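J.: have a look at this prediction, sequence included:
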Amino acid sequence: MSPPAPERARGSEARDPRAQARELALLALCHLDGRPASERVAALELLWSNPPRGDDERGEGFADAVAHAGTRGRADALLRALVVEWERIDELLSATSERWRLDRMALVDRNVLRLAAFELAERPDTPRGVVLAEAVRLARRYGSERSPSFVNGVAEALARRLRAQREPSPRRPGGPKGAVDG
């Protein structure tokens, strides 16, 4: 499966090295999508060693990004960690997007959300706002006209869910309900 073609008029280009790595990771995720878990690492290795080249903007942009060691290194580290957590990330997304099954989502939307979900769940050092803004930027650049709002809604709901799971429940004065002082 070929990575989607960027449409420069619909989104800004990534200038920050981390943003460039996310973009490359998204394109690689689209390539890995649908492959059995046992083949993902090998498919990623093949993609890095033989990036698509073509006379179109997509092929050259992808190959150029892969050739940039810093961008590729960051994207590779992100992808290798995500591949290990793929099923758990998909479970998080499925639980959050109750009305949309993953297999019914557009390829780009599904993989932007995987990337965002992974960063929200596994990279607490990355600010939540950055993850959400990057997800919307990638959806705007590579997805459909409706992708940015869809991705924003699901990613925001997931961020709230994860925050609620991490934060301890507020204790009521006097201890738990029904507790007897003794």
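T.: On my side now, so go ahead. As the structure is a prediction and not an experimental result, all values here were calculated from the model.

J.: so Leu27 sits right up against Phe62, yeah?
T.: Yes. Counting by Cβ atoms under 8 Å, Leu27 touches Phe62, with 5.7 Å between them. Every C-beta, even on glycine, is put in place using the N, C-alpha and C of the backbone.

J.: now do the helices in the protein.
T.: With DSSP state H, the ranges of helices along the chain come out as 17-32, 40-49, 57-67, 69-96, 107-122, 128-142, 147-166.

J.: which stretch in these has the least confidence?
T.: Looking at these, the lowest mean pLDDT belongs to helix 57-67 (a mean of 67).

J.: what sits closest to Ala67 if chain neighbours are left out?
T.: The shortest distance from Ala67 to any residue other than its chain neighbours is 7.8 Å, reached at Pro51 (Cβ to Cβ, 6 or more residues apart in numbering).

J.: confidence score at that neighbour?
T.: For Pro51, the model assigns a pLDDT of 84.

J.: any idea how far the residue nearest the centre of the chain lies from Trp86?
T.: In the chain, the residue lying closest to the centroid (Cα atoms, centre = their mean) is Leu115, at 1.1 Å. Using Cβ to Cβ, to the nearest Å, we find Leu115 at a distance of 11 Å from Trp86.
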